[in-house]
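Student: my questions are about this predicted structure, shown below with the sequence.
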Protein chains: 2
Amino acid sequence: MTTQTRRERERAQREQLIVTAARELAEAEGWEAVTTRRLAAEIEYSQPVLYSHFKGKGAIMTAVAVQGFEELAVELRVARAAARGTRDALAAVAAAYTDFAQKRPALYDAMFTHAVDLTFATPDGPAYLREGFGELLQAVQPLAGDDDPGILTETFWASLHGLAMLERSGRLPVEAHDHRLDLLIGRFAPAET
Amino acid sequence: MTTQTRRERERAQREQLIVTAARELAEAEGWEAVTTRRLAAEIEYSQPVLYSHFKGKGAIMTAVAVQGFEELAVELRVARAAARGTRDALAAVAAAYTDFAQKRPALYDAMFTHAVDLTFATPDGPAYLREGFGELLQAVQPLAGDDDPGILTETFWASLHGLAMLERSGRLPVEAHDHRLDLLIGRFAPAET
DNA sequence: CAGATCTCCTAGCAGCGCTAGGATCTAGGC
DNA sequence: GCCTAGATCCTAGCGCTGCTAGGAGATCTG
């Protein structure tokens, strides 16, 4: 029995090793550099070992994305907790979100442009998916007025996502990022609240 | 001389044929189905012919994207021209933009997620790139108040882009799209202007 | 110690973007 | 009208991709 638990433990460790290697490789050289051969070399095993842990390359990216969702939720929570007023909270959460996207572009890509097999926007979805959205929701809710807080949060989220994507791809110059964020916050939290 | 002009004309036609085939194939089956072999078969030539017209597959996608920018600019212009008030104009332009993204997802992808070798946000950029942004700018400008109209337009554009992307990938349910757009318009054009 | 099981690697498949080299067809000079 | 020069286009192939079949080897069980 002990030998089996040891094997399971070792298997779990190796699985984590794969995810970590994939993430680091992606963040260092982009997802296009993450090939199954390269990844196998990195963990010092042969290619087929990857497929004994994951269904395919996409599943590995999904596993990385899940890590990202957990970390993003934490960062949003920290940012919101440190804020004082209502407008401050929204600004803090927004800044934390776009910072995350800018500083971990590969991770953000795995979460929001690849890995579509994750279910979003469902009340019974995985916790790590709901937590991050919940932080946004709590920041937006006080500013909703008569509007549906959920839909408004989705809209705000989309704005942040759009900013992150367009700035990341060079379609919008990053220099004006703070300025754009400021204007966005101004539209969602107009008064000095 | 006539034979040479005939050749040039035929060459230009074939180049257009390639772009059209790539676009139709992408819109029918997605960009992952657009391979150089498949494309060559579609235009009934061999693979290397593609490379006598374009530097590579990326250049073909860029050519498709350029077509997209021209068409998007037209649709935004039409939408804005048909609108009456200030708020109406913003709503019309926003709806036209997201409609474009939803109805031509492959084209939109070529424009805004692939084909990064196009220069954005430069005053001396190609006309087709500036026109679409110009339409947005003219719709946003009257609502800028003390804020920088250019930056505000960029922010609004990012919001539309984010909505389009998240709804397209299934991360936000499409059903509430109109609702989200309504809330977004409400934040950028608050009063009944 | 023998046999069953489980782990892992070598080798290979089909497809990808892209390119070198030669065949074929056309155009112009005598 | 032929014959050479040049443009046009295709066949074949390179190195890469994600993924998988099959067997070798180590490990655990009786």
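Tutor: Alright, I've got the coordinates. All values derive from a computational prediction rather than experimental measurement.

Student: how many neighbours does the nearest residue to A:Ala21 once chain neighbours are set aside have?
Tutor: The shortest distance from A:Ala21 to any non-neighbouring residue, by C-beta to C-beta, 6 or more residues apart in numbering or on different chains, is to A:Glu42 (4.4 Å). (Each C-beta comes from the backbone N, C-alpha and C, glycine too.) By other C-beta atoms under 10 Å in any protein chain shown, the residues close to A:Glu42 number 16.

Student: what's the domain layout of chain A?
Tutor: According to automatic domain parsing, chain A comprises the domains A:1-53, A:64-188.

Student: DNA strand C contacts on chain A?
Tutor: Contact residues, chain A versus DNA strand C (C-beta under 7 Å from any atom of the strand): A:Arg7, A:Arg11, A:Tyr45, A:Ser46, A:Gln47, A:Pro48, A:Val49, A:Ser52.

Student: quick one, helices of chain A?
Tutor: Secondary structure of chain A by DSSP state H: the helices cover A:2-29, A:36-43, A:47-53, A:57-82, A:86-103, A:105-112, A:127-140, A:149-168, A:177-188.

Student: can you put these in a markdown table and add mean pLDDT?
Tutor: Output for the helices of chain A, formatted as a markdown table (pLDDT from 0 to 100):
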| stretch | mean pLDDT |
| --- | --- |
| helix A:2-29 | 86 |
| helix A:36-43 | 96 |
| helix A:47-53 | 96 |
| helix A:57-82 | 96 |
| helix A:86-103 | 97 |
| helix A:105-112 | 96 |
| helix A:127-140 | 92 |
| helix A:149-168 | 97 |
| helix A:177-188 | 98 |
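
Student: select, out of those helices, the one closest to B:Ala89.
Tutor: Put simply, out of the helices of chain A the one that sits nearest B:Ala89 is helix A:177-188, at 17.0 Å, with distance taken as C-beta to C-beta.

Student: now that closest one, how far from the centre of its chain.
Tutor: 21 Å (C-alpha atoms, centre = their mean, to the nearest Å).

Student: before we move on, back to that, among the domains of chain A, which is the most enclosed?
Tutor: Of the domains of chain A, the one with the most neighbours on average (mean count of other C-beta atoms under 10 Å in any protein chain shown) is domain A:64-188, at a mean of 19.

Student: ok, back up a step: DNA strand D is nearest to which of the domains of chain A?
Tutor: With respect to DNA strand D, and counting by C-beta to the nearest atom of the strand, the nearest of those is domain A:1-53 at 3.2 Å.

Student: residues from chain A in reach of DNA strand D?
Tutor: Within chain A, the residues that sit near DNA strand D (C-beta under 7 Å from any atom of the strand) are A:Thr3, A:Val34, A:Thr35, A:Thr36, A:Arg37, A:Arg38, A:Gln47, A:Pro48, A:Tyr51, A:Gly56, A:Lys57, A:Gly58.

Student: please name the nearest non-neighbouring residue to the fifth one.
Tutor: Same thing as A:Arg37. Spatially, and ignoring its direct neighbours in sequence, A:Arg37 is nearest to A:Gln47 (6.1 Å; C-beta to C-beta, 6+ apart).

Student: and the one you found, how far from A:Val34?
Tutor: 13 Å (C-beta to C-beta, to the nearest Å).

Student: try A:His53
Tutor: According to C-beta to C-beta, A:His53 and A:Val34 sit 15 Å apart.

Student: thinking again about what came up before, nearest to DNA strand C among the residues of chain A next to DNA strand D?
Tutor: Comparing the residues of chain A next to DNA strand D against DNA strand C with C-beta to the nearest atom of the strand places A:Pro48 closest, at 4.0 Å.

Student: ok, back up a step: export the helices of chain A to TSV and tack on distance to B:Ile18?
Tutor: Rendered in TSV, the data for the helices of chain A read as follows (distance: least, C-beta to C-beta, whole Å):
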stretch	distance to B:Ile18
helix A:2-29	32
helix A:36-43	32
helix A:47-53	36
helix A:57-82	30
helix A:86-103	35
helix A:105-112	29
helix A:127-140	41
helix A:149-168	28
helix A:177-188	37
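
Student: follow-up on the earlier one: ok, so of the residues of chain A next to DNA strand D, who is nearest B:Met165?
Tutor: Distance to B:Met165, by C-beta to C-beta, is smallest for A:Gly58 among those, at 18.8 Å.

Student: need phi/psi at A:Thr35.
Tutor: Backbone torsions of A:Thr35, given as degrees, to the nearest 10, read phi -110, psi 160.

Student: report pLDDT for it.
Tutor: Looking at A:Thr35, its pLDDT reads 97.
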